[in-house]
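Student: let's see this in three dimensions:
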Amino acid sequence: MATTGEAAKHHRASRNEKLVIGASSLGTVFEWYDFYLYGLLASFISAQFFSGVNEATGFILALAAFAAGFAVRPFGALVFGRIGDLVGRKYTFLVTMGIMGASTFAVGLLPSYASIGVAAPVMLVGLRLLQGLALGGEYGGAATYIAEHAPNEKRGLYTSWIQTTATLGLFAALIVVIGIRFAIGEQAFAAWGWRLPFLVSAILLAVSLWIRLQLSESPVFQKMKAEGKTSKAPLTEAFGRWDNLKWVLVALFGAVAGQAVVWYAGQFYALFFLEKTLKIDGGTANILMVIALGIATPGFVLFGWLSDRIGRKPIILTGCAIAALTYFPLFQALTVAGNPALARAQATSPVIVIADQAGCSVQFDPIGKNGFDRRSCDIAKAYLAKAGVSYSNQPAPPGAAAQVKVGNEIVTAPQPASMMPDRRKAAIAIFQDALGAELADAGYPPKADPAAIDRPMVIAILTALVLLVTMVYGPIAALLVELFPSRIRYTSMSLPYHVGNGWFGGFLPTTAFAIVAATGNIYDGLWYPIIIAGATVVFGLFFLPETYRRNIDR
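Tutor: Predicted coordinates for the structure are as follows:
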C-alpha cells in the first residue's frame, strides 16, 4: 500500500512539474512571439513608419526602434524583479504578459507615417518601450519559477525548456508571417497584411493567460513567505551590497554578455544578413531560418541536460569561444551559398572607393536631412550602400574627386560643390548609371538568384549558428538562478540577464549594420559580437564560479 501511495505521489509530482514547465514555457513563447514580430517585419515597418528618410537610414532606424524595446528591459527587470521578490513569482509574470499582449496588439492598429506623420513612429517606439518593460519582468519570473520547482540534479534540464522559448517564439512568428505572406501575396502583405501577425497575438494572449492562471505560487517563495524571510528591500539587498553586486557583475561580464551577442548574431543578424546584404527575398530567408531553427532547437535541452553533468561554465564559455573563432568564415560561407554571384563578383572584381576620407560622411543619417549629394565621396558611397555592395577604401589627395574602381574599371563621381541643384542631380544620375553598368558587367547581382541558392548549405550554416546559440543559452538560466539567494533571486538574476540581452544583444543588429554602413565591408559588423564574446571568455575563465551542484533552497 505504501508503495502504491508513493507511486501515486510521484506521479502527481511529475504531472505538476510538467504543468509548471509547460505553462511557464508556453506563456514565455507567446511573449517572445510578440517581441520578435517587430524584428521580422522591420523592412515593412521601415516603409510604414520611417518613410521620411532614405532607404538605408530608414532600415537602421527601424532596427533602432526594435532595439528601443531592448534598451528598457533592464528597467523592467528592476521594477518587476522587485515586485516578484516582494509579492510572488506567479502574479508578477501574469502582469507582464498582459502588458506585452496589449502593446503588441496595438502595433497592428497603429496608423502609418503617411496618415499622421511623425506621431506614428513616436507611438510605435512608445509601444516598443512597453514591450521591453514587460519582457524585462517576464523572463526572470519564469526562469526562477521553474528552477524553484526543479530537483537540484535536474535544474539545467528543467530550465532549458524556458531557454527554448525565445527560439520557439521566433519560430512561431516566422510560421505566422510566412503563412500570411503566402496566403495573401507579397503586395497585400506589404500594404496591410503585415498587421495581421500583431493582431493574432490577442488570441495567443487569452490562451496563455488562462493556462498560467492554473499555476500555484513557487514552493520556495511560499516557504519564505510563511517563515517571514522574504526581502523587504530587494533592490537595496541586490545592488546596494557588494557581496551580491559583485556576482551581478560577474554574471553580466563573465557569461551573459557573450551569450547575448552569440544569440542575436546567430538568429537575428543572420536573418537580416540574408535579406539585406545577400538580397535573398524575405519569404525564402524566413523559410531557411525556420528549417534551421527546427533542426537546432533540441540543442537547448541537450546542453541544459549536459550542464547538469559537467557544469554550466565550460559549456557557455566554449560556445562563446567557438563563435568568436568561426563567425567570419561562417558568414563568408553564407555569402557563397546564399548569393554565389555576389561572392564571385567580390572575389574577381573587388570594389574600391578612392577618395579623400576627410570629405566622406558616415552613411547613416538618423534625422533624414543628409541626401549624401553634397560631396563627391558621399555620392559614391551612398550608391554602393544602397546597392548593398561591399567595398574597401583607398586614400586620395585632398580635394580630389572620388573614384570607384570595379575590378580594373574606374568611374569618377561628380564634384557637386559648385553645381546648381538641377545640374548636380543630372550629374549624379549619369554617375549612378555608369557605376551601375560597371557593377552589372562585373557580375554584381541586384538580388540573389533563387535558382542559384545552395539551400542545403545555407541551412547547414544557419543550423551551426543556432547550435552555438543553444550551447550558450541552454544552461544560462540555471547558472543565474544558482548564483543568487532566493530572497532576492528574481531581482538579482533579472538585471544582468536583461542588461546583457537587452543592451549587448539587442543593439547588435543596429550596431552591426551601422558599422557596415560606416566601413563599407559587409563583414565588419561581425567584429561587435566577436570582441564581446571573446572578452566574456577571458573574464569568465577567471571570475565566473561553477554553480551546478548548489542547493538553491536558501
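
Student: and residue 432, how far is that from residue 279?
Tutor: 18 Å (CB to CB, to the nearest Å). All C-beta atoms are positioned from the backbone trio N, CA, C, and that covers glycine.

Student: what of residue 474?
Tutor: Counting by CB to CB, the gap from residue 474 to residue 279 is 33 Å.

Student: higher neighbour count, those two?
Tutor: Shown here are residue 474 and residue 279; by other CB atoms under 10 Å, residue 474 has more neighbours (30 against 19).

Student: can you report how many residues lie near the nearest residue to that one once chain neighbours are set aside?
Tutor: Computed as CB to CB, 6 or more residues apart in numbering, the closest residue to residue 474 that is not its neighbour in sequence is residue 303, at 3.5 Å. As a burial measure, residue 303 scores 25 neighbours (other CB under 10 Å).

Student: pLDDT score assigned to residue 296?
Tutor: Note on residue 296: pLDDT of 92.

Student: I figured it hits residue 463, correct?
Tutor: Yes. Under the criterion of CB atoms under 8 Å, residue 296 makes contact with residue 463 at 5.0 Å.

Student: neighbour-wise, which of those two wins?
Tutor: In terms of neighbours (other CB under 10 Å), residue 296 is the more surrounded of residue 296 and residue 463; the figures are 23 against 20.

Student: that one and residue 528, how far apart?
Tutor: 22 Å.

Student: do the same with residue 508
Tutor: Using CB to CB, residue 508 is found at 6 Å from residue 528.

Student: what sits in contact with each of the two?
Tutor: Shared contacts of residue 508 and residue 528, defined by CB atoms under 8 Å, 6 or more residues apart in numbering, comprise residue 261.

Student: the two - which one has more neighbours?
Tutor: residue 508 (26 against 21).

Student: ok, which stretches of the chain are strands?
Tutor: Per DSSP state E, the chain carries strands over the ranges 351-355, 391-395, 403-406, 409-412.

Student: residue ranges with poor pLDDT in the stretch 451-554 of the chain?
Tutor: Across the stretch 451-554 of the chain, the ranges flagged by pLDDT under 70 are 553-554.

Student: okay, buried residues for stretch 402-418 please.
Tutor: Using 16 or more other CB atoms under 10 Å as the test for burial, stretch 402-418 gives 402, 403, 404, 405, 406, 407, 411, 412, 413, 414, 415, 416.

Student: could you dump these to JSON lines with pLDDT and distance to residue 91?
Tutor: Shown next, in JSON lines, are these (pLDDT from 0 to 100; distance: CB to CB, whole Å):
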{"residue": "402", "pLDDT": "90", "distance to residue 91": "61"}
{"residue": "403", "pLDDT": "92", "distance to residue 91": "65"}
{"residue": "404", "pLDDT": "93", "distance to residue 91": "61"}
{"residue": "405", "pLDDT": "94", "distance to residue 91": "64"}
{"residue": "406", "pLDDT": "93", "distance to residue 91": "62"}
{"residue": "407", "pLDDT": "90", "distance to residue 91": "65"}
{"residue": "411", "pLDDT": "93", "distance to residue 91": "65"}
{"residue": "412", "pLDDT": "92", "distance to residue 91": "67"}
{"residue": "413", "pLDDT": "90", "distance to residue 91": "62"}
{"residue": "414", "pLDDT": "90", "distance to residue 91": "65"}
{"residue": "415", "pLDDT": "87", "distance to residue 91": "66"}
{"residue": "416", "pLDDT": "82", "distance to residue 91": "62"}
